[in-house]
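[1] take this sequence and fold it.
(one chain, ligands or ions: 1)
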Amino acid sequence: MLVSLSAATAYRGAVPSDLDLPDLPPPSSRRIAARVTKDALRHIRKQHPWVYDDSITSLSHAGGAGDLVVVFDDERNFAGIGLFDPDSPIRIKMLHAGKPATIDATWWSGQVGDALAKRAWLIERADTTGYRVLNGENDGFPGLVVDRYAETLVVKIYTAAWFPHLGGVLDALVASIGPTQIVVRLGRNVAAGECYGLSDGLVILGEAQEPIEFSENGLRLLAHPMSGQKTGFFLDQRDNRNRVREIANGARVLDVFSCTGGFSVAAAAGGAREVTSIDSSGVAIEIAAQNMALNQHIPAVAKCSFDGVVGDAFEVMDRLRRERKRYGLVIVDPPSFAQRQVNISAGLRAYGRLTQLAVDLVEPGGRLVQASCSSRITADDFHDQVQRSAQAAGVRLTEVTRTDHGIDHPVTFPEGAYLKAVFARVEPLAREHGREHGREHDRAHGSTSRHRN
Ligand code: SAH
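    Reported below is the predicted structural model:
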């Protein structure tokens with residue numbers, strides 16, 4: 001079927017008047033027609049959202065960021081439609097493949113509705129008011145993430161291609177959710193370019209205020225949508241935090257890379273005797289203490305003693321080990337170690353190093369929870385590395401479970417799967433020999449690693 005390259009609907013008129021949105025560029029009225037390689041076409045038909053610049057064989061004309069691109073097959077049939085992104089090697093971010101579709105206000109509200117329907121089970125729960133509303137390409141919004149903390153929405157924009165369409169998306173979000181505050185966060189590359197009056201942390205609806213208190217499985221937590229890391233809290237670990245809560249009873253817990261203490265609070269609520277949180281950010285540790293304080297009404301949290309340590313996780317773990325500290329549960333949830341393809345092997349080594357440091361801090365029969373949020377490192381490679389490193393440190397890791405994403409972080413293409421975690425029991429291989437072997441290994445490889453992206 002032939003598709004006309006007709007004018008796209010302009011959204012400005014549809015934006016609610018109380019939204020304090022600067023003048024954004026309207027979507028261009030001219031759609032770009034593109035042809036791509038056979039391989040790329042195959043990927044598009046499998047709903048893969050990325051088309052790289054070197055897969056494009058022809059373009060009708062050069063467009064601006066966010067112009068709509070219609071990809072045709074060799075018979076001039078519609079294959080899909082996406083956003084043009086001239087500044088990115090992922091030159092077309094696909095919005096839709098299959099039957100022809102019109103990208104307009106109705107489209108965005110349909111997409112937001114679909115995303116909310118996928119999360120209905122979570123949204124209906126009164127004890128959880130923080131969740132991811134739009135998970136980028138996995139919800140049909142490539143390069144756009146929206147998180148919700150109670151009545152606040154945080155819109156994180158990773159590509160300038162969204163600027164012409166922001167009005168339409170916000171309109172749909174406001175109509176279906178009715179937030180009282182909307183905060184815009186900009187990815188580093190976006191913030192460095194033309195932002196049409198938007199800036200990182202700008203509040204475009206409601207009062208500029210933070211922290212925002214929200215609930216996660218009945219626990220009270222603070223998010224910092226304007227100034228915090230990413231969108232102000234790490235919602236992706238919700239299910240893992242709940243699992244930690246289930247296994248923390250009576251344990252001394254070490255929460256490494258704790259950030260604002262999501263795991264720490266969950267462990268305390270689960271009956272941990274004491275929790276020590278380590279993070280390099282003093283602000284994050286301060287907020288972790290506030291999060292613990294917010295939950296003192298829970299008897300288990302009130303009974304748990306809390307200690308926050310600001311410092312480099314590798315160094316602090318090494319020091320704790322030399323001080324012969326031992327914990328019933330060690331949680332290791334570092335930032336991404338392989339943000340670029342070239343960092344994969346260094347990233348794996350860093351995960352291995354963390355496993356070795358961590359298992360030496362676990363009491364015999366205690367637990368290790370280790371996670372990776374590097375999308376470039378596959379789950380298999382990560383789990384193999386953790387096992388190998390544990391063995392090199394002289395312990396047996398008996399895996400209890402491997403986990404990935406919660407329902408508000410759906411995954412629809414291979415690169416979309418970034419989170420993996422292992423819950424394991426730690427046992428000495430041969431008690432004395434094992435510990436000694438671990439130390440020998442560490443000496444041979446240097447006692448601290450400063451690897452960090
Ligand atoms: N576990 C957290 C999320 C961790 S995000 C949660 O559930 O919310 C990763 C954290 O690692 C960030 O808070 C960052 O400040 C911290 N970080 C980064 N490099 C670090 C280092 N070298 N040592 C300690 N913390 C570090």
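
[2] convert the C-alpha atoms of the helix or strand Ala267 falls within to PDB, please.
    Following DSSP states H and E, one finds Ala267 within helix 262-269. Coordinates of each C-alpha in helix 262-269 appear next as PDB, following Å, rounded to 0.1, in the frame of the first residue of the first chain:
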ATOM      1  CA  GLY A 262      16.100   1.600  49.200                       C
ATOM      2  CA  PHE A 263      17.600  -1.800  50.000                       C
ATOM      3  CA  SER A 264      18.700  -0.700  53.400                       C
ATOM      4  CA  VAL A 265      15.100   0.300  54.500                       C
ATOM      5  CA  ALA A 266      13.700  -2.900  53.000                       C
ATOM      6  CA  ALA A 267      16.300  -5.000  55.000                       C
ATOM      7  CA  ALA A 268      15.500  -3.100  58.200                       C
ATOM      8  CA  ALA A 269      11.800  -3.600  57.600                       C
END
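
[3] contact partners for whatever residue of the stretch 1-150 of the chain ends up closest to the ligand?
    Closest residue of the stretch 1-150 of the chain to the ligand, CB to the nearest ligand atom: Gly130 (11.2 Å). (Glycine included, C-beta is placed from N, CA and C.) Going by CB atoms under 8 Å, 6 or more residues apart in numbering, Gly130 touches 147-150, 214-216, 221, 223, 233, 235, 238.

[4] among those residues, which are in helices?
    Arg238 (DSSP state H).

[5] surely Leu294 and Pro211 touch.
    No: contact between Leu294 and Pro211 fails when scored by CB atoms under 8 Å: they sit 9.9 Å apart.

[6] quick check: residues of the protein near the ligand?
    229, 234, 237, 257-260, 262-263, 278-281, 284, 312-313, 333-335, 452 (CB under 6 Å from any ligand atom).

[7] and the longest helix seen in the chain, how far from the chain's centre?
    Using DSSP H to define each element, the chain has its longest helix at helix 344-359. Here helix 344-359 is found 20 Å from its chain centre; the criterion is CA atoms, centre = their mean, to the nearest Å.

[8] next helix or strand past it?
    Next element after helix 344-359 (DSSP H and E): strand 362-372.

[9] show me what that next one is packed up against.
    For strand 362-372, the packing partners by 3 or more CB pairs under 8 Å, 6 or more residues apart in numbering; DSSP states H and E come out as helix 238-247, strand 327-332, helix 344-359, helix 379-392, strand 395-403, strand 420-428.

[10] tell me which of those sits most buried.
    Ranked by mean neighbour count under mean count of other CB atoms under 10 Å, the helices and strands packed on strand 362-372 are led by strand 327-332, which reaches a mean of 26.

[11] what's in contact with that strand?
    Residues outside strand 327-332 that contact it (CB under 8 Å, 6+ apart) are 244, 247-248, 250-258, 263, 267, 272, 276, 313, 354-355, 358-359, 361-363, 366-371.

[12] can you do 7 Å?
    244, 247-248, 251-257, 263, 267, 354, 358, 361-363, 366-371 (CB atoms under 7 Å, 6 or more residues apart in numbering).

[13] now the buried members of these.
    244, 247-248, 251-257, 263, 267, 354, 358, 361-362, 366-371 (16 or more other CB atoms under 10 Å).

[14] quick check, Phe361 in contact with Arg252.
    Small correction: residue 361 is Leu, not Phe. No: using CB atoms under 7 Å, Leu361 is not in contact with Arg252, being 10.0 Å away.

[15] separation between the residue of the stretch 1-150 of the chain closest to the ligand and Lys230?
    13 Å (CB to CB, to the nearest Å).

[16] so who does Ala65 touch?
    Residues near Ala65 by CB under 7 Å, 6+ apart: 84-87, 160-161, 163.

[17] mind pulling up the pLDDT for it?
    On the pLDDT scale, Ala65 is placed at 96.

[18] residues near the residue nearest to it when sequence neighbours are not counted, how many?
    In space, and not counting its chain neighbours, Ala65 is closest to Ala160: 4.2 Å by CB to CB, 6 or more residues apart in numbering. Close neighbours of Ala160, defined as other CB atoms under 10 Å, add up to 27.

[19] pLDDT below threshold where in the stretch 1-150 of the chain?
    Residue ranges of the stretch 1-150 of the chain with pLDDT under 70: 1-17.

[20] show me where it has its helices.
    38-45, 105-118, 120-123 (DSSP state H, counting those that start in this stretch).

[21] looking at these, which is nearest to Asp384?
    Nearest of these to Asp384, taken as CB to CB: helix 38-45 at 27.4 Å.

[22] what comes into contact with the closest one?
    Contact with helix 38-45 is made by 51, 55, 71, 73, 79-80, 94, 97, as judged by CB under 7 Å, 6+ apart.

[23] which non-adjacent residue is nearest Glu137?
    Leaving aside its sequence neighbours, Glu137 sits nearest to Pro49 (CB to CB, 6+ apart; 3.9 Å).

[24] same check on Asp307?
    Spatial nearest neighbour of Asp307, chain neighbours left out: Thr276 (4.6 Å); criterion: CB to CB, 6+ apart.

[25] the one you found: helix or strand, and which one exactly?
    Here Thr276 is assigned to strand 274-279, by DSSP H and E.

[26] what's the answer for Leu254, then?
    With DSSP H and E as the criterion, the answer for Leu254 is strand 252-256.

[27] in terms of pLDDT, where does the spatially most central residue of the chain sit?
    Centroid check for the chain by CA atoms, centre = their mean gives Asp236 as the closest residue, at 5.8 Å. Asp236 is assigned 97 on the pLDDT scale.
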